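1. sequence and predicted structure below; questions after.
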Amino acid sequence: MSPFFVMSLLFGLTFGQTSSLCAPSEYTIHVEKRECAYCLAINTTICAGFCMTRDSNGKKLLLKSALSQNVCTYKEMLYQTALIPGCPHHTIPYYSYPVALSCKCGKCNTDYSDCVRERVRTNYCTKPQKICNV
């Protein structure tokens, strides 16, 4: 093999291992309340992507804090509120949701993130749908 090819391969592997693909991504949240006539489809951004993790084969030798795996999570976010249409007067028709402004690889904070990957798709409407673009 040529030295150029070997250096290119090493550079690619090194860069690929140190870079992450964690960034804001478009996402649609479906929100409905039993009392309201419509389901609201909210277009927002969430943090999604790949973060480098460590192999924890030596978990018996390491401290528990060294075993945590990085996830793609919020660096900066804000909350916005949408009005769910078709709600009776006695129902609170508002829904607040996060909007990712920037993302980072870090420990998952369960105060504002779902740290478990869903296995069953539950993000759908059972009522007529209205769209909210933000």
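-> Structure's in. What do you need? This structure is a prediction, so every number in the text was calculated from the model and none was measured. Numbering: from 1, shown residues only.
2. list the residues that contact residue 103.
-> When contacts are counted by CB atoms under 8 Å, 6 or more residues apart in numbering, residue 103 touches 22-24, 47-49, 72-75. Every residue, glycine included, has its C-beta placed from N, CA and C.
3. state the phi and psi torsions of it.
-> Torsion angles at residue 103 (phi, psi; degrees, to the nearest 10) stand at phi -130, psi 160.
4. how many residues are close by the residue nearest to it when sequence neighbours are not counted?
-> Distances taken as CB to CB, 6 or more residues apart in numbering put residue 47 closest to residue 103, at 3.8 Å, once the chain neighbours are dropped. Around residue 47 there are 24 other residues, counting by other CB atoms under 10 Å.
5. quick one: residue 47 is in a helix?
-> No. According to DSSP: H, G, I helix; E, B strand; the rest coil, residue 47 belongs to no helix; its state is strand.
6. just the pLDDT for it.
-> In this model, residue 47 is scored at 90, pLDDT.
7. quick check: bridge partners of it?
-> Here residue 47 shows beta-bridge partners residue 24, assigned using DSSP bridges.
8. same thing with residue 94?
-> Here residue 94 shows beta-bridge partners residue 83, assigned using DSSP bridges.
9. OK, contacts around residue 51?
-> For residue 51, the contacting residues are 20, 22, 70-72, 105, by CB under 8 Å, 6+ apart.
10. number of residues surrounding the closest residue to residue 125 other than its chain neighbours?
-> Ranked by CB to CB, 6+ apart and with sequence neighbours excluded, the top spatial neighbour of residue 125 is residue 39, at 3.4 Å. Look at residue 39: counted by other CB under 10 Å, it has 19 neighbours.
11. what of residue 25?
-> By other CB under 10 Å, the burial measure for residue 25, its neighbour count, is 14.
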